[in-house]
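**Student:** sequence plus predicted model, see below.
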Amino acid sequence: MAELAAPAVRDWDFPRGTASVLLMLGFAEDHGVPAEKLLAGTPREALTGPEKQVDARQELAVVRALVAHTGGGDDLALELGRRYRVTTFGIFGFACISSPTMRDAMLFALRYLDLSFTFSIPHVELDSRGIGLVLDDSRVPADVARFLVLRDLAAIHTVMKDLLPEISVRGLEFGFPAPASVKSYVDIFGVAPRFGADRNRASFDPALLTMPLPQANEQTVALCAAQCDALVARSRERSGISQLVRERLVRLGGVDAGMAEVARQLAVSPRTLRRRLTEAGTGYRQLVDEVRQTLAEELLDTGALSVEDVALRLGYAEASSFIYAFKRWTGMTPAAYARRSAPRARPGR
């Protein structure tokens with residue numbers, strides 16, 4: 001087995017544009033769920049505009065709210081994935097359309113993966129079975145992992161069909177248990193999947209790699225690549241302050257030291273810190289919640305601590321306050337989360 005190319009990022013926790021969140025809001029409304037139920041107080045207008053950016057965990061919160069309000073079954077995840085067209089990805093998608101071959105488009109997509117909306121990290125490999133598109137969900141929270149694997153794969157497949165309508169899936173396997181019906185899988189991918197596999201993988205004919213794309217234009221790709229470089233650089237610069245705040249909160253075990261103290265440690269004024277976090281599409285309270293949620297999930301995953309112990313370690317005076325916060329983050333209680341994630345080993349989280 002040979003990896004065609006490594007993705008530019010190895011984790012889903014990268015900042016992203018707002019197109020995916022806006023798409024999910026429209027999808028929710030089409031299924032009778034008001035957009036406000038997914039936004040947790042954020043005005044919809046705050047997400048509109050080409051320069052707008054959200055933290056990955058903000059998008060994850062929207063995913064969780066969508067699952068909570070719709071049931072989040074396999075059919076729904078696949079239907080949502082099909083809403084992601086190549087045009088959803090802006091200049092990144094335009095570059096893929098303009099690539100000379102499917103191989104070039106894949107390499108471009110992996111190189112600029114942090115301009116996408118994926119949570120399951122894709123790897124492209126070549127072996128005796130053909131081209132394998134593997135989706136790594138080992139770092140995706142267990143409560144939405146199945147939903148996001150299906151959404152992400154359906155989205156990737158839809159975009160590939162936009163680039164080259166004649167492509168077809170040769171084989172499909174998933175690491176999770178089989179559903180009651182595989183009709184929606186067959187309708188979208190054209191094959192019945194195998195379940196209970198050791199990973200999530202879609203197989204394609206190796207001839208796919210050299211197929212020319214109908215709208216290929218190398219000059220356009222070069223222009224798009226320059227713009228994508230600038231977007232990635234700007235995104236990473238803006239998100240750097242968020243990571244610095246997270247690191248300090250993690251060192252404190254998720255205990256909130258206060259914005260003034262964190263600003264002092266970063267040698268900036270609280271006003272400057274607040275402004276820079278706003279530019280990065282987040283805020284201090286959101287980062288405190290994100291760090292606490294991540295630590296809470298990791299502590300609950302161990303199975304060694306009670307809910308009360310986890311609450312105490314995260315700085316909550318009462319377990320009831322922690323339970324309320326955790327339910328707001330994930331849509332379930334800590335006890336329900338622990339039961340749901342227990343059967344699934346998740347290395348690296």
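**Tutor:** Everything's here; your move.

**Student:** average pLDDT across the lengthiest helix in the chain?
**Tutor:** Looking across the chain with DSSP state H, the single longest helix is helix 218-251. The average pLDDT within helix 218-251 is 83.

**Student:** buried residues, it. List them.
**Tutor:** Within helix 218-251, the residues that count as buried by 16 or more other C-beta atoms under 10 Å are 221, 224-225, 228, 231-232, 235, 238-239, 241-242, 244-246, 248-249. All C-beta spots, glycine's among them, are computed from the backbone N, C-alpha and C.

**Student:** packing partners for it?
**Tutor:** If contacts are counted by 3 or more C-beta pairs under 8 Å, 6 or more residues apart in numbering; DSSP states H and E, helix 218-251 sits against strand 53-54, helix 90-98, helix 102-111, helix 259-265, helix 270-279, helix 284-302.

**Student:** turn these into TSV, columns for mean neighbour count, mean pLDDT and distance to V144.
**Tutor:** Formatted as TSV, the helices and strands packed on helix 218-251 follow (neighbours: other C-beta atoms under 10 Å; pLDDT from 0 to 100; distance: least, C-beta to C-beta, whole Å):
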stretch	mean neighbour count	mean pLDDT	distance to V144
strand 53-54	21	82	16
helix 90-98	21	93	24
helix 102-111	21	94	23
helix 259-265	16	89	29
helix 270-279	15	86	25
helix 284-302	20	85	11
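
**Student:** okay if I get those as JSON lines plus distance to A311?
**Tutor:** Converted to JSON lines, those look like this (distance: least, C-beta to C-beta, whole Å):
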{"stretch": "strand 53-54", "distance to A311": "28"}
{"stretch": "helix 90-98", "distance to A311": "41"}
{"stretch": "helix 102-111", "distance to A311": "41"}
{"stretch": "helix 259-265", "distance to A311": "22"}
{"stretch": "helix 270-279", "distance to A311": "26"}
{"stretch": "helix 284-302", "distance to A311": "9"}
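
**Student:** need the contact list for the spatially closest residue to E318 that is not a sequence neighbour.
**Tutor:** In this structure, E318 finds its nearest non-sequential neighbour in A311, 7.3 Å apart by C-beta to C-beta, 6 or more residues apart in numbering. Applying C-beta atoms under 8 Å, 6 or more residues apart in numbering, one finds that A311 lies in contact with 318-319, 321-323.

**Student:** in the helix or strand that contains A311, which residues are buried?
**Tutor:** Following DSSP states H and E, one finds A311 within helix 307-313. Neighbour counts over helix 307-313 (16+ other C-beta under 10 Å) mark 307, 310-311, 313 as buried.

**Student:** count the neighbours of V9 for me.
**Tutor:** 16 (other C-beta atoms under 10 Å).

**Student:** actually R139, sorry about that
**Tutor:** R139: 17 neighbours (other C-beta under 10 Å).

**Student:** so it makes contact with F14?
**Tutor:** No. Look at R139 against F14 with C-beta atoms under 8 Å: they stay out of range, at 12.0 Å.

**Student:** who touches A225 in this structure?
**Tutor:** Counted by C-beta under 8 Å, 6+ apart, A225 has contacts 95, 108.

**Student:** what's the answer for D229, then?
**Tutor:** Contacts of D229 by C-beta under 8 Å, 6+ apart: none found.

**Student:** against S235, how distant is it?
**Tutor:** Distance, D229 to S235, by C-beta to C-beta, to the nearest Å: 11 Å.

**Student:** mind pulling up the pLDDT for F176?
**Tutor:** 96.

**Student:** name the nearest residue to it, ignoring sequence neighbours.
**Tutor:** R146 (5.0 Å).

**Student:** for L4, helix, strand, or coil?
**Tutor:** strand (DSSP: H, G, I helix; E, B strand; the rest coil).

**Student:** from what I see, it and D104 are in contact.
**Tutor:** No. Applying C-beta under 8 Å, one finds L4 not in contact with D104, separated by 11.3 Å.

**Student:** quick check: the gap between Q286 and P206.
**Tutor:** From Q286 to P206 the distance is 44 Å (C-beta to C-beta).

**Student:** that older thread, toward the C-terminus, what is the element adjacent to the helix holding A311?
**Tutor:** Heading C-terminal from helix 307-313, the first helix or strand you meet, by DSSP H and E, is helix 319-330.

**Student:** before we move on, back to that, between the buried residues of helix 307-313, which is nearest I97?
**Tutor:** Set against I97, the nearest of the buried residues of helix 307-313 by C-beta to C-beta is V310 (47.2 Å).

**Student:** next one: the closest one from R285, what distance?
**Tutor:** For V310, the distance to R285 - C-beta to C-beta - is 20 Å.

**Student:** again, but for D301
**Tutor:** 25 Å.

**Student:** now do the SS call for the residue positioned nearest the centre of the chain.
**Tutor:** Residue closest to the average C-alpha location in the chain (C-alpha atoms, centre = their mean): F119, at 2.6 Å. The local conformation at F119, judged by three-state DSSP, is coil.

**Student:** same question, the one 5 residues further on
**Tutor:** Reducing the assignment at V124 to three states with three-state DSSP gives strand.
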